[in-house]
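Engineer: Got a predicted structure here, sequence first:
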Amino acid sequence: MSLTLAGEEFQHMLRVMNTNVDGKRKVPYAMRMVKGVGRRIATVACQRAGVDPHRRAGTLGNDEVERIVAVLVKPTDFKVPTWFVNRKKDPKDGITSHVMSNGVDNKIREDLERLKKMRNHRGLRHAWGLRVRGQHTKTTGRRGRTVGVSKKK
């Protein structure tokens, strides 16, 4: 069973938020290619934008893609709950928003720099290149210079 999609209006690759999106996939799964957009927020964005989630992404028109992007950029304006977004109460400005594509990398870098600047334990572990989340480091995670255990003679 093969998927045959033909027609002049079908696009095999869409450009959404500086990301190439596969047009052969269904809309929520295609939107997941954008960094910061997961399964749940993609389906909610389709519902709020009024787009059928069972359609293929290549069959969408420009206005439908713009509606989905508008929901993804400001989900709280479309009555998406605040617990659904991925950036609640930003430490810098206190705004709740959904961060995507290049913004994800920028926010992670800013957060790590903030932790390093305030000399937080997590920030120091990041700066030293050690495990951050409480893992044991006596025997595992040795990369670079390995230190073996010497035997008694």
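Structural biologist: Received it, and whenever you're ready, just let me know what you need.

Engineer: got the contact list for the residue most central in space within the chain?
Structural biologist: The centroid of the chain falls nearest to residue 36 when counting by CA atoms, centre = their mean (1.8 Å). By CB atoms under 8 Å, 6 or more residues apart in numbering, the contact list for residue 36 reads 86, 98, 99, 100, 101, 103, 104. To be clear about C-beta, it is placed using only N, CA and C from the backbone, and glycine gets the same treatment.

Engineer: How about residue 126?
Structural biologist: 112, 115, 116, 132.

Engineer: so which helix or strand takes in the closest residue to residue 32 other than its chain neighbours?
Structural biologist: Leaving aside its chain neighbours, residue 32 sits nearest to residue 42 (5.5 Å; criterion: CB to CB, 6 or more residues apart in numbering). Using DSSP states H and E, residue 42 sits in helix 39-49.

Engineer: Would you mind putting the CA coordinates of that helix into CSV?
Structural biologist: Only the C-alpha atoms of helix 39-49 are listed here, as CSV (Å, rounded to 0.1, in the frame of the first residue of the first chain):
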residue,chain,number,x,y,z
ARG,A,39,3.0,15.7,20.0
ARG,A,40,0.5,17.3,22.3
ILE,A,41,1.1,21.0,21.4
ALA,A,42,1.0,20.1,17.7
THR,A,43,-2.4,18.5,18.0
VAL,A,44,-3.8,21.3,20.1
ALA,A,45,-2.5,23.8,17.6
CYS,A,46,-4.3,22.0,14.8
GLN,A,47,-7.5,22.0,16.8
ARG,A,48,-7.3,25.6,17.7
ALA,A,49,-6.4,26.7,14.2
